[in-house]
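Sequence unavailable; structure follows:
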C-alpha cells in the first residue's frame, strides 16, 4: 500500500540537548524532514543532518509564523506534521500514524498533546489537550501571528466546526514546561515584548491578550495576568465570539491563587454554563467551595468532576481533576467535617488511581499518626 507522504516541518535554534530525541521519534514515520534554522550556534544543524534533514537557514525577524511558513514552501508531502524540538512522538503510536492519515477524510487532524509539568515525565503530572498538528499540504494553510502562531483555519475552512474535530489516537509529549526546562524570566520578557508589538496593531487577535496574561502568570505577576485575561474575554465578546474555555480556566486559576474567593464563587457558574463539559471549571468550583468552607457542597461538586472524567481533551485539562485530585479534595472536605473514615477512603481511592500521589499519601500518614499518638 502506498501511504500519503508526510513532511515534518520544524523551526529550531540551539536545540542540541533535545532535537535528537524528537527526530528519533519520527524518523520511521515521516518521509522528509524540513528544518528551518534561525541561527543555531551549537551542534543542532549537525544532529539534524544525521537524520537526513533538509536544513534551510532563515534570518530571524522576531516572527514565528514567518519562520514556520518559510519551511512550508520546501515541503513536498501530502500532509504536514509540525512539532517543536522539545517534543517527542510516542513510540507506541508512531507506526499507526501513517495508517490514520491514510484513512482520513478531513483537511486538518488533531493529536493528543501531553504537556509535562513536574520534575519527571509523568502523564499524571501534565496538562492534556487536542492540538492541530497535522494538515493537508497545498490547500492554503499557513501560520499567522508573530508569537503563539496559529493556523489560518477560518480562512481555509470557513465552515469548519471545531466541536466535530477528529483527534487521532496519537500522543505527542511536550517537555518544555517541566521544571528543568521552565520558561525563565528572560524568555517571558521576550515573549511579552513580541506580544505587545502585536497588541499595538489595530487588527490584533483577542488571543494576544490571553497569551500576555499567561506570560505574566508564569512570572507570578497575577494582578497583571488577571487584567489581561479579562481584557481578552471582553475582546472576544466585542467580536461577538464566545471567549474560549482557556480564558476562563486561567481567570479562575488566578483568582484562586490570589485567594480572591469572593471574586470567584459568584462567576464560576456562568463559566460552567458556557462550557458544561469542562471538568477543570467544575474542579475550580469545588476548590472555591472548599475555601469558603462549604464542605458538603464541595463534595458534591468534586463527585461531579469524577462523573465527568478527564478524557474530553477539546479543553486544556489538568490530569487528575476528574480523578485523583478530585478524590483528594473529597478527603479534605470529609476531614473538615470530622468524617475521618470517609476521608481515608477518599485518599485511598486517589492513591489507587495514582499510586505515587504524594498529597493523598501524606494525608493518610498524618491521619495514621494522629490516631496512633
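That came in fine, so what should we check first? These numbers were taken from a predicted model, which means no experiment stands behind them.

Tell me the pLDDT of residue 145.
With respect to pLDDT, residue 145 has a value of 88.

Grab the nearest non-local neighbour of it.
Nearest-residue entry for residue 145: residue 65, 5.4 Å, with adjacent residues in sequence omitted and distances by C-beta to C-beta, 6 or more residues apart in numbering. C-beta here means a position set from N, CA and C on the backbone, and glycine is covered the same way.

pretty sure the one you found is touching residue 148, no?
No. If you go by C-beta atoms under 8 Å, residue 65 and residue 148 don't touch, sitting 9.4 Å apart.

returning to what we had before: starting at the chain centroid, how far to the strand or helix carrying the residue nearest to residue 145?
Assigned by DSSP states H and E, residue 65 belongs to helix 64-72. Relative to its parent chain, helix 64-72 has a centroid offset of 22 Å by C-alpha atoms, centre = their mean, to the nearest Å.

So for that helix, mean pLDDT?
In the prediction, helix 64-72 has an average pLDDT of 97.

after that helix, next one along is what?
Helix 64-72 is succeeded, C-terminally, by strand 79-82 (DSSP H and E).

Which other helices and strands does the helix or strand of the chain with the lowest mean pLDDT contact?
Least confident helix or strand of the chain, by mean pLDDT, DSSP states H and E, is helix 185-199 with a mean of 82. Judged by 3 or more C-beta pairs under 8 Å, 6 or more residues apart in numbering; DSSP states H and E, helix 185-199 is in contact with helix 207-218.

what pLDDT, on average, does the helix it packs on get?
Averaged over helix 207-218, pLDDT sits at 94.

what is the orientation angle of it with helix 185-199?
160 degrees (axes from the mean of the first three to the mean of the last three C-alpha atoms, to 10 degrees).

Please name every helix or strand in contact with helix 207-218.
helix 185-199, helix 222-238, helix 245-258.

Can you tell me which of the ones you listed is packed in deepest?
Highest mean neighbour count among the helices and strands packed on helix 207-218 (mean count of other C-beta atoms under 10 Å): helix 245-258, with a mean of 20.

Can you tell me what sits against it?
210, 213-214, 217, 222-223, 225-226, 229-230, 232-233, 236, 261, 263-264, 267-268, 271, 274-275, 278, 280-281, 284, 287-288, 291, 315-316 (C-beta atoms under 8 Å, 6 or more residues apart in numbering).

for the top strand by length along the chain, packing partners?
Of all the elements of type strand in the chain, the one with the most residues (DSSP state E) is strand 126-136. When contacts are defined as 3+ C-beta pairs under 8 Å, 6+ apart, strand 126-136 packs onto strand 79-82, strand 108-116, strand 167-174, strand 317-318.

Now with 10 Å, please.
strand 79-82, helix 91-102, strand 108-116, strand 150-151, helix 153-156, strand 167-174, strand 317-318 (3 or more C-beta pairs under 10 Å, 6 or more residues apart in numbering; DSSP states H and E).

can you list the residues that contact the following helix or strand past the first one?
If you walk from strand 79-82 toward the C-terminus, the next helix or strand you reach (DSSP H and E) is strand 87-89. The contact list for strand 87-89, computed with C-beta atoms under 10 Å, 6 or more residues apart in numbering, reads 8, 10, 18, 21-27, 29-30, 81, 83, 94, 97, 111, 113-115, 121, 133, 170-176.

Can I have the buried ones of those residues as a ChimeraX selection?
Applying 16 or more other C-beta atoms under 10 Å to the contacts of strand 87-89, the buried members can be selected in ChimeraX as follows:
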select :8,10,18,22,23,25,26,29,30,81,83,94,97,111,113,114,115,133,170,171,172,173,174,175
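
Show me what counts as buried in stretch 287-299.
Counting neighbours by 16+ other C-beta under 10 Å, the buried set in stretch 287-299 is 287, 288, 289, 290, 291, 294, 295, 298, 299.
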